[in-house]
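Chemist: coords please:
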Amino acid sequence: MNFKEAVARDNKNVFFNLNEFAEYRNVNGNNVKVVIDETLFKEKHKELEAEGIIQNCLVLFIQVEDLPAKPKADRDLLIDNKKYKILDSKEKNGVYEIDLQKYEE
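Modeler: The predicted model follows:
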């Protein structure tokens, strides 16, 4: 087993473990395991928090295999039938890290 395979295994067995960090959410119509972190968004975007801009923002971690299309900035993503705007996304070791802002209702 090479390093990439070991990281992928750890992602599935630990990070996306329902008894650890993950939970099932409906993302774009599919029930998939995700990890949601609201605190990380604030840490990553301290300049926005200082300006009072951060509102209803979060970071979503989802396995690449669970999201058919690569997430792109300024597109929408539905989580539990709530609409979010993609602010930024990146992929690392088979996991998308997506910064999101919820649309005002």
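Chemist: pLDDT below threshold where in this structure?
Modeler: Scanning the chain with the threshold set as pLDDT under 70 gives 3-14, 45-55, 105.
Chemist: By residue count, which strand of it is the longest?
Modeler: Ranked by residue count under DSSP state E, the longest strand found in the chain is strand 82-92.
Chemist: Note down every partner strand of that one and its orientation.
Modeler: strand 76-79 (antiparallel), strand 95-102 (antiparallel) (DSSP bridges).
Chemist: winner for burial among these?
Modeler: strand 95-102 (a mean of 20; mean count of other Cβ atoms under 10 Å). C-betas here are computed from N, CA, C, even on glycine.
Chemist: from the chain's centre, how far out does that one sit?
Modeler: Distance of strand 95-102 from the chain centroid (Cα atoms, centre = their mean, to the nearest Å) equals 4 Å.
Chemist: 144 is where my numbering starts, stick with that
Modeler: Understood, numbering begins at 144; the last thing we discussed is strand 238-245.
Chemist: contact partners of that strand?
Modeler: With Cβ atoms under 8 Å, 6 or more residues apart in numbering as the test, strand 238-245 has contacts from 154, 158, 184, 187-188, 198-207, 210, 213-214, 220, 222, 225-234.
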